[in-house]
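J.: build me a model from this:
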Amino acid sequence: MGLMPVTDSMFMIPESREQPMHVGGLQLFDLPAGAGPDYLGELYRSVVQITDVAPLFRKRPYRSPLTLGQWAWREDEQIDLEHHVRHSALPAPGRVRELLALTSRLHGTLLDRKRPLWEAHLIEGLEGDRFAVYTKMHHALMDGVSALRLMQRSLSTDPDDRDVPVPWEPRRGPRPERGAGGGFAPLSLPRAALQLTGDAVGLLPTLARLATDALRSQATALPMQAPRSMFNVGITGSRRFAAETWPMERLKRVAKAADATLNDVVLAMCAGALRAYLLEHDALPGSPLIAMTPVSLRDENSPEATNAVGTILCNLATDLEHPGARLVAIRASMLQGKATLAGLSQAQITALSAVVMAPLLLNSVLDLHKVTPPP
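T.: Alright, predicted model coming up:
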């Protein structure tokens, strides 16, 4: 399948037991009318019997002397769906509390790198005649937009529609033809290196402009600029999963009133929660927290299941007391970050994102958080 793109391998390199690099999603469903006591067991047995598994869900990582030590993808020709798809049951009384506790344990374990990097858990015993599906995928395999599209493809608005493929089944219709560059060819490395060099040279003016903008505008956030806080410490592999809901229409009204995006509003909500938490612990830094924010590079022609994401830094304005002022500052910071990416090629955006992420990767690999500024 070839060498991993930089956008994939940068999620493999820093991974550790304390810092897994997978993402997860939790979905809740009502049992269909007339469902028997073994409904989920029957569903599980039917999906693990699928023999035609999409290439994406057969991809597993490896590296060898042939890849010059770089991460690459290869196809698992004997995939074991009973390893990847699990069936679990909640203890009584089956509240959301028990569901989130189980999800926390599932999310805290690493994916097996000797197998394709995904799991799906069918969870029964949820109160209110419901069941849940927890899905875990490595970020090297796909980005959030890809994962969301795959999940949506496996859902239907018709409760009587049973002819819907699970995410790991191939898409219906003709498969796209493979290009000539699908395999690993060592002789392509010099050509790729020349292309990367050209992209890097073209990136230099952007880096200079970014530094100049940071001096002129408080909206621009740079690496190593975040304040030290109670969050900039070593972490363990344990995870605690929590969930909350808000009406989407309410968030959209706020975004429209502020001439902001929905993502800006969500960032402002996160900033408000972080500020309140830090104030409660008498630990609010005088300067604002900085968030590393993914930006989708996907368009209509992008492959469905890939990493097509860039990274910018956002000033969360946690030093501002008024929530409206925080939203204004966050909107300005995101606009500044997006303007920096405008006009760059996707390869240059990837390179710039690597520059932004480099301090985080180094801190993770070398455990430098005690002696260096926060990334």
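J.: how near is the nearest residue to Glu119 once chain neighbours are set aside to Ala317?
T.: Nearest non-adjacent residue to Glu119, counting by CB to CB, 6 or more residues apart in numbering: Lys136, 4.6 Å away. All C-beta spots, glycine's among them, are computed from the backbone N, C-alpha and C. Separation of Lys136 from Ala317 (CB to CB, to the nearest Å) stands at 33 Å.
J.: who has more neighbours out of these two?
T.: Taking neighbours as other CB atoms under 10 Å, Lys136 and Ala317 compare with Ala317 leading, 27 against 20.
J.: wouldn't that one be in contact with Ala329 here?
T.: Yes - here Ala317 reaches Ala329: they are 3.7 Å apart, a contact under CB atoms under 8 Å.
J.: now the common contact residues for these two.
T.: Pro288 (CB atoms under 8 Å, 6 or more residues apart in numbering).
J.: who's Asp73 bridged to?
T.: You called it Asp, but residue 73 is Trp. Gly2, Pro61 (DSSP bridges).
J.: assess the claim that it and Pro5 are in contact.
T.: No - applying CB under 8 Å as the test, Trp73 and Pro5 come out as separate, 9.7 Å apart.
J.: neighbour-wise, which of these two wins?
T.: More neighbours surround Trp73 than the other of Trp73 and Pro5, with 21 against 16 (other CB under 10 Å).
J.: against Val309, how distant is the more buried one?
T.: Distance from Trp73 to Val309, by CB to CB: 18 Å.
J.: what's the answer for His87, then?
T.: As judged by CB to CB, His87 and Val309 stand 32 Å apart.
J.: cool, Thr318 as well?
T.: Remark: distance between Thr318 and Val309 (CB to CB) = 25 Å.
J.: more neighbours: which of these two?
T.: Each of Thr318 and Val309 has its neighbours counted (other CB under 10 Å); Thr318 has more, 27 against 20.
J.: surely the more buried one forms part of a strand?
T.: No - counting by DSSP: H, G, I helix; E, B strand; the rest coil, Thr318 is not found in a strand; it is coil.
J.: which residues touch it?
T.: Ala271, Leu274, Arg275, Leu278, Leu284, Pro285, Pro288, Leu289, Arg326.
J.: now, which of those lie within strands?
T.: Within the contacts of Thr318, no residue falls in strands by DSSP state E.
J.: mean confidence score for stretch 355-372?
T.: The pLDDT scores in stretch 355-372 average 64.
J.: and for Arg239, the neighbour number?
T.: For Arg239, the neighbour count with other CB under 10 Å is 15.
J.: list the contacts for the closest residue to Ser287 other than its chain neighbours?
T.: Spatial nearest neighbour of Ser287, chain neighbours left out: Pro227 (4.5 Å); criterion: CB to CB, 6+ apart. Applying CB under 8 Å, 6+ apart to Pro227 gives the contacts Pro285, Gly286, Ser287, Pro288, Leu289, Pro374.
J.: so can I have JSON lines of those residues showing distance to Arg253 and neighbour count?
T.: Listed next are these as JSON lines, based on distance: CB to CB, whole Å; neighbours: other CB atoms under 10 Å:
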{"residue": "Pro285", "distance to Arg253": "31", "neighbour count": "16"}
{"residue": "Gly286", "distance to Arg253": "33", "neighbour count": "7"}
{"residue": "Ser287", "distance to Arg253": "31", "neighbour count": "13"}
{"residue": "Pro288", "distance to Arg253": "26", "neighbour count": "24"}
{"residue": "Leu289", "distance to Arg253": "26", "neighbour count": "24"}
{"residue": "Pro374", "distance to Arg253": "35", "neighbour count": "19"}
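J.: may I ask you to confirm that Val309 is in contact with Val6?
T.: No - checked against CB under 8 Å, the pair Val309 and Val6 is beyond contact range at 11.5 Å.
J.: could I get the contacts of Thr318 as TSV with pLDDT and distance to Met151?
T.: Formatted as TSV, the contacts of Thr318 follow (pLDDT from 0 to 100; distance: CB to CB, whole Å):
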residue	pLDDT	distance to Met151
Ala271	98	27
Leu274	97	28
Arg275	98	32
Leu278	98	34
Leu284	97	37
Pro285	96	37
Pro288	95	34
Leu289	95	30
Arg326	98	31
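J.: quick one: the strands in the stretch 1-150 of the chain?
T.: 2-3, 22-30, 59-62, 72-75, 85-89, 118-126, 130-138 (DSSP state E, counting those that start in this stretch).
J.: now what about the fourth one, what contacts it?
T.: With contact meaning CB under 8 Å, 6+ apart, strand 72-75 is reached by 1-4, 8, 55, 58-64, 184.
J.: so how many other residues sit close to Ala33?
T.: 8.
J.: got a pLDDT number for it?
T.: For Ala33, pLDDT reads 87.
J.: and it, its phi and psi?
T.: Dihedral pair for Ala33: phi -60, psi 130, per degrees, to the nearest 10.
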